[in-house]
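Participant: sharing a sequence plus its predicted fold:
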Amino acid sequence: HMAQTPNLDLTKQANGALNWDTPLNANFDKIDAALPIPLTIAKGGTGAVTAAAARISLGIATTSVISVKDHGAAGDGITDDTAAFQAAATAANTAKYASVFVPGGVYYLAGVVTFTVPAPGGLVFSGAGRGVSVLKSVGGIVINLADQGDGAVTGNAVAVSGLTFAARTTTTATALAISGGLASPQRTTPGAIIENNDFRAWDRTGGLEYWYKGLTVTKNITARIHNNTMDMINGLYGIHLFGTGTNGPVNVTISHNDLYYTAAAGRALIAAEDAVEGLHVEGNTLIGSALALKWNTPATTGLPALWYQNNYSDGVNGIDIDGVAEIQITGNHFDFGNLAGTNYAIRIRNAFHATIPARDPDRGMIDNNVIHDNSGPVATNYGVEIDEGNHIIVGPGNIYTAIQTADVLLGANSINCTVYWTKPAVTSG
């Protein structure tokens with residue numbers, strides 16, 4: 001069945017792999033195409049293989065299409081399919097540019113499955129859709145992109161889509177861990193695209209199973225994290241970006257995700273730490289955590305910038321930012337202060353201050369946000385708390401409702417800041 005008539009360019013090789021290079025010359029039972037996504041090819045009753053979306057819309061050219069079914073995966077939710085997935089991963093590693101497809105089913109993975117993407121190389125790891133291709137996993141998926149070193153010309157990349165990562169564990173496992181990529185200064189090359197996935201517990205009753213972290217991205221890599229759902233239950237972080245020294249993710253976009261959490265102290269739906277540069281968080285729903293966003297980047301790691309726009313959060317606190325050289329926090333809705341104690345919607349520390357290099361003035365803007373205190377009279381709460389800031393504008397477009405203590409708190413180490421507010425409720429250090 002052809003929904004459209006695309007130019008298919010496929011060859012079935014002797015080893016069963018599919019190649020894009022020459023015209024189709026093998027017998028297939030079914031070809032479905034509804035471009036640009038998805039393109040599914042069912043082969044001989046052994047399962048589905050895909051030349052998926054990622055090749056067309058994600059810009060990763062793959063030469064081999066590999067189905068986990070062709071490597072012995074049962075997908076019955078009972079049989080341990082770890083070895084079959086690892087065999088598919090090994091085949092993808094050998095092919096360098098490969099698409100690994102997970103047909104509909106429930107795949108029990110008792111161990112960790114590891115992909116290694118060579119340099120140069122590319123990997124598409126995709127399923128038939130969230131809730132359709134379910135990984136009932138104990139140890140999670142690890143994808144390592146080989147670091148090519150400074151000055152590399154060609155890139156390597158990974159795209160992950162259409163999967164449900166269901167935790168069958170109560171340990172410190174991560175559902176999807178992506179590491180590596182190009183070293184500076186080549187990090188503007190797209191490195192990882194993670195979209196249209198679910199991260200949740202297999203058994204959601206009582207919080208007995210959970211992912212400790214949903215997604216981690218580390219080392220020199222750019223990332224686009226889009227339209228995923230995370231129900232972390234008892235986890236630590238939903239999305240964790242981190243590096244070491246000056247070696248960390250850069251130009252990361254986190255957009256239009258739904259993230260849900262428990263509210264235990266110290267937990268965050270999004271965490272960025274150690275050498276993260278350039279983070280754009282937009283259009284997300286962030287519910288039920290101690291923090292919607294936690295940022296802790298040492299000032300010596302460069303000039304990190306944060307754009308936090310058009311998000312909705314409801315939790316104990318909103319965002320806690322420590323060590324950012326440029327801040328744009330606009331158009332968000334913060335509901336915060338669900339517990340007793342000292343809470344805040346926005347807290348800024350070490351912004352343009354102390355060891356952070358001087359920047360142009362007025363590079364920090366907090367404006368057009370709705371900030372609502374849910375706690376009642378039991379807490380000491382601030383809408384915006386700036387402990388150490390230089391050239392930050394708290395604009396006139398912010399709306400503060402039911403703030404218990406002060407709309408804005410300026411610490412003694414904040415300088416050159418401009419604050420607009422609608423009522424005389426500013427406490428100054």
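Facilitator: The structure has been received and is ready for your questions.
Participant: what about the helices in the protein?
Facilitator: Along the chain, the segments classed as helices by DSSP state H run 53-57, 82-95.
Participant: confidence-wise, which of these is weakest overall?
Facilitator: Averaged per stretch, pLDDT over the helices of the chain is lowest on helix 53-57, reaching a mean of 32.
Participant: burial check on residue 142, number of neighbours?
Facilitator: 17 (other Cβ atoms under 10 Å). All C-beta atoms are positioned from the backbone trio N, CA, C, and that covers glycine.
Participant: for it, what are its contacts?
Facilitator: 112, 113, 114, 115, 177, 179 (Cβ atoms under 8 Å, 6 or more residues apart in numbering).
Participant: just among those, which is most surrounded?
Facilitator: residue 113 (25 neighbours).
Participant: you'd agree that residue is up against residue 83?
Facilitator: No: Residue 113 is not in contact with residue 83 according to Cβ atoms under 8 Å; the separation is 9.4 Å.
Participant: correct me if wrong: residue 397 contacts residue 368.
Facilitator: Yes: using Cβ under 8 Å, residue 397 is in contact with residue 368, at 3.8 Å.
Participant: ok, these two, which is more surrounded?
Facilitator: residue 368 (16 against 13).
Participant: list the contacts for the more buried one?
Facilitator: 330, 331, 395, 397, 398.
Participant: if we go to 10 Å?
Facilitator: Residues counted as contacts of residue 368 (Cβ atoms under 10 Å, 6 or more residues apart in numbering) are 309, 310, 329, 330, 331, 332, 395, 396, 397, 398, 399.
Participant: tell me the mean pLDDT for stretch 197-204?
Facilitator: For stretch 197-204, the per-residue pLDDT averages 86.
Participant: cool, stretch 259-269 as well?
Facilitator: 78.
Participant: restricting to C-alpha, output it in PDB.
Facilitator: Output in PDB follows, covering the C-alpha atoms of stretch 259-269 (Å, rounded to 0.1, in the frame of the first residue of the first chain):
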ATOM      1  CA  LEU A 259       7.400  16.100  33.000                       C
ATOM      2  CA  TYR A 260       5.900  14.800  36.200                       C
ATOM      3  CA  TYR A 261       7.600  14.100  39.500                       C
ATOM      4  CA  THR A 262       7.400  13.600  43.200                       C
ATOM      5  CA  ALA A 263       8.300  16.600  45.300                       C
ATOM      6  CA  ALA A 264      11.100  15.200  47.500                       C
ATOM      7  CA  ALA A 265      13.800  17.700  48.400                       C
ATOM      8  CA  GLY A 266      16.700  18.100  46.000                       C
ATOM      9  CA  ARG A 267      14.900  16.600  43.000                       C
ATOM     10  CA  ALA A 268      14.500  18.500  39.700                       C
ATOM     11  CA  LEU A 269      12.700  17.800  36.500                       C
END
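Participant: can you give me how far that stretch is from the chain middle?
Facilitator: Relative to its parent chain, stretch 259-269 has a centroid offset of 15 Å by Cα atoms, centre = their mean, to the nearest Å.
Participant: cool, and stretch 136-149?
Facilitator: Distance, centroid of stretch 136-149 to centroid of chain: 14 Å (Cα atoms, centre = their mean).
Participant: show the average pLDDT along that stretch.
Facilitator: Mean predicted confidence for stretch 136-149 is 85.
Participant: next one: stretch 314-328
Facilitator: Mean predicted confidence for stretch 314-328 is 86.
Participant: the residue positioned nearest the centre of the chain and residue 249, how far apart?
Facilitator: The centre of the chain sits closest to residue 225, judged by Cα atoms, centre = their mean, with a distance of 4.2 Å. Applying Cβ to Cβ, to the nearest Å, the value for residue 225 to residue 249 is 11 Å.
Participant: any idea of the pLDDT on the residue nearest to the centre of the chain?
Facilitator: pLDDT, residue 225: 95.
Participant: if I pick it, what's in contact with it?
Facilitator: 160, 192-195, 197, 215, 217, 239, 241, 252-257, 270, 281, 284.
Participant: ok, residue 328 next?
Facilitator: 280, 305, 306, 307, 308, 309, 363, 364, 365, 366, 367.
Participant: and of these, the nearest to residue 323?
Facilitator: Comparing these against residue 323 with Cβ to Cβ places residue 306 closest, at 10.1 Å.
Participant: if we can go back for a sec, find the residues that touch each one of residue 397 and residue 368.
Facilitator: Shared contacts of residue 397 and residue 368, counting by Cβ under 10 Å, 6+ apart, come down to 330, 331.
Participant: distance of residue 408 from residue 201?
Facilitator: 39 Å.
Participant: pLDDT score assigned to the residue nearest to residue 193 when sequence neighbours are not counted?
Facilitator: Once flanking residues are discounted, residue 193 sits nearest to residue 159: 4.4 Å by Cβ to Cβ, 6 or more residues apart in numbering. pLDDT recorded at residue 159 is 93.
Participant: what's the burial count for residue 159?
Facilitator: Around residue 159 there are 25 residues (other Cβ under 10 Å).
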